[in-house]
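Peer 1: please find the sequence and the predicted model below.
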Amino acid sequence: MARYVAASCVGVVGLGMSLATAQVVVEPDAAGVANLNDNVFEIALAPPALSTVPIPTPPDLTRYIRDVKAAQVLGKALFWDMQAGSDGLTACASCHWHAGADVRVKNTLAPHGPGTPTSNLFRGANLQLKLADFPFHKIADVTNRDSAVLSDSSEITGSQGVIKRNFVAIRDGNPRDTGTAVADPVFHVGTGNARQVTGRNAPSVINAVFYDRQFWDGRANRYFNGVNPFGDTDPSARVWRYSALGGLEQVRILIDNASLASQAVGPANSEVEMAWHGRSFAAFGRKMLSLKPLAIQFVAVDDSLLGPYATHRVKGLNSTVSYASLIRQAFQPEWWEAPTPVDGQYTQMEANFSLFWGLAIQMYEATLVSDASPYDRFMAGDATAISDSAKQGLEIFLNQGKCINCHAGPEFAGGTVSQVRPQGTNIVRMIEPLVMQDGGIAIYDAGYYNVANRPTQEDLGVGATGPFGPFSYTRRIQAGANLGDPVPVPAGQRLDVDGAFKTVTLRNITLTGPYFRTGNYATLRSATEFYLRGADFHAVNIQNVAPDINVIGEVVGNETRLQNLLDFMKSLTDPRVEYQRPPFDHPEIIIPHGHLGESAGVALDRRVALPATGARGGARLKTFEEVLADGVPN
């Protein structure tokens, strides 16, 4: 009689192996899928609740932060404050407002990647996407990757940022910077520049604290250098430290377990995402320090962090706090108290604003942990928390689907700290050997896989090189860097890093479409079918495609088993996220959702106001599919 077995993912994650160590035998039902009525199977072999995973924290945090709660308050205000953008209307949250991600559907297309032939055309700015536009790679039979290709586009569903301009100066007390117009040959409506769109889909910031590195390509370093995303790879990054005895000095800092801070400083002055070209962090700091926090947004008086500083029906935080006072309360004095300017122009607080911005936003985002999903309740002992169909889907996820090999652990993700650098141990597995589909051995960055969603050369992902060298741990080690990993990477060793991207979490996956770094799949069903058939560009990417990306014969074409998988993944959605309840409550935010047209050379925003939420939460967040249907973000 056929039997199904499963084992813990520890020790096999990322090695391209199925879970083959027999721990518990589960008898299959008539359809050939194991019956999961026995809770011993589920609790013993499935990843435990997310609450069991320690939140990665900088070991020297008190060197910088003296009041964690004040830092969280500061970080939440900065994250949601629309005044941060050069246009006075763009916040971090503008791309991460919906379950930590973005579901806008108008003016969200970006052109093909840098490695794509220019003949692959871009349909232009301000397009209103419809469900029929997806997926961007259409085939005749969704169960057969070799069936006829009906259409193909390398376009990307990204997030709209700012209109292209050159930065001139800030204006104290004014949220809008001074800038000069620059013609934009790509994003325009008539003769007016349109908002630019990012070249990758925005991943969720919820649960991002668990990742070792940030961004799809991992370029936001685990070490925060206080200045930019590149951590220990940038030898020149310096911040200002002051002491009464030693005066002001520029020092190099490297704060471990701080990839969220490394990530936060990237978009702030990105000329696509939040700032006009040429704005410095010191100028940005001077601007924000001159402004009332959240001055153009309402804040709920029962907001979980900002409530004590909010006033009913009055925009912004009250006069008891300012960004300067929050910095003084949150950070150690040596980083802000110098009595004289650091360079004759900027104060130490202004000059170190990148340090405060990055760490404060990290402290806020570290509170965004969605560990109250039905799955978490099920793993805590509530056998009724998920449906029988979801339990069947869990068995498929662990076994036939091999999904757990990449979406591992309670985080259901790859490249997490608990996997590559488990806290409280001396284990380091940042890179690993991989048995490739042709039988060869390659070394890869743990948690980063080429899944053949698009041809490798369109976007090299973690295999790319930045201003200070490769993003890939594997390539850095091969070039001679000592990163503490025991796996050697000799010259000439085959690598599997090109076209590889971080395995993002499946938690809250129902709310975070569109899917993949390209945003080219609109529904969870179609994204799952992509994996069941073994990807779209398997043959094209054969030298780099991950070993477990192959036809899942036991499931592909089987509607019942597909639904089981979908039901299981839906059980990973935390209702607090879905209904915007603490800690996922937020200030009001007004998001641009495409353009209404243009007037006198200026593209006119279509704006959608999302109300502030507090202790009671707010409206249920829509799926991306629902937004495509009615065209309204929320």
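Peer 2: Arrived safely.
Peer 1: from residue 219, how far off is the most centrally placed residue in the chain?
Peer 2: Nearest to the mean C-alpha position of the chain, by Cα atoms, centre = their mean, lies residue 203 at 3.2 Å. Here residue 203 is placed at a distance of 13 Å from residue 219 (Cβ to Cβ, to the nearest Å). Heads up, the C-betas are built off the backbone N, CA and C, glycines and all.
Peer 1: hang on, the earlier thing: residues contacting the nearest residue to the residue nearest to the centre of the chain once chain neighbours are set aside?
Peer 2: Excluding its sequence neighbours, the residue lying closest to residue 203 (Cβ to Cβ, 6 or more residues apart in numbering) is residue 504, at 5.0 Å. Shown in contact with residue 504 (Cβ atoms under 8 Å, 6 or more residues apart in numbering): 203-204, 216, 413.
Peer 1: mind doing that once more with 10 Å?
Peer 2: For residue 504, the contacting residues are 101, 201, 203-204, 207-208, 211, 216, 407, 411-415, 447, 512, 515-517, by Cβ atoms under 10 Å, 6 or more residues apart in numbering.
Peer 1: now do the strands in the stretch 501-634 of the chain.
Peer 2: Using DSSP state E, counting those that start in this stretch, the strands found in the stretch 501-634 of the chain span residues 501-502, 589-599, 602-610.
Peer 1: wait, which of the ones you listed is closest to residue 297?
Peer 2: Of all the strands of the stretch 501-634 of the chain, strand 589-599 sits nearest to residue 297, with 6.4 Å by Cβ to Cβ.
Peer 1: could you give the angle of that closest one to strand 602-610?
Peer 2: For strand 589-599 against strand 602-610, the angle by axes from the mean of the first three to the mean of the last three Cα atoms, to 10 degrees is 150 degrees.
Peer 1: list the buried residues in strand 589-599.
Peer 2: Counting neighbours by 16 or more other Cβ atoms under 10 Å, one finds that the buried residues in strand 589-599 are 589-595, 598.
Peer 1: do stretch 175-192 as well
Peer 2: 175, 177, 179, 184, 187-189, 192.
Peer 1: and that stretch, C-alpha only, in PDB?
Peer 2: Taking C-alpha atoms only, stretch 175-192 is exported to PDB below (Å, rounded to 0.1, in the frame of the first residue of the first chain):
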ATOM      1  CA  PRO A 175       6.900  69.700   2.500                       C
ATOM      2  CA  ARG A 176       7.500  70.300  -1.200                       C
ATOM      3  CA  ASP A 177      11.100  70.600  -2.300                       C
ATOM      4  CA  THR A 178      12.200  73.100  -5.000                       C
ATOM      5  CA  GLY A 179      13.100  71.300  -8.300                       C
ATOM      6  CA  THR A 180      13.500  71.800 -12.000                       C
ATOM      7  CA  ALA A 181      11.600  70.000 -14.700                       C
ATOM      8  CA  VAL A 182      13.400  67.200 -16.600                       C
ATOM      9  CA  ALA A 183      11.800  65.600 -19.700                       C
ATOM     10  CA  ASP A 184      10.900  62.000 -19.100                       C
ATOM     11  CA  PRO A 185      11.000  60.000 -22.300                       C
ATOM     12  CA  VAL A 186       9.400  56.900 -20.700                       C
ATOM     13  CA  PHE A 187       6.800  58.000 -18.200                       C
ATOM     14  CA  HIS A 188       4.600  60.800 -19.500                       C
ATOM     15  CA  VAL A 189       1.000  61.700 -20.200                       C
ATOM     16  CA  GLY A 190       0.700  64.000 -23.200                       C
ATOM     17  CA  THR A 191       3.500  66.500 -22.800                       C
ATOM     18  CA  GLY A 192       3.600  66.200 -19.000                       C
END
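Peer 1: still on that earlier bit, tell me the buried residues within the contacts of residue 504.
Peer 2: Buried positions within those, assessed by neighbour count (16+ other Cβ under 10 Å), are 101, 201, 203-204, 207-208, 211, 216, 407, 411-415, 447, 512, 515-517.
Peer 1: much appreciated, bye for now.
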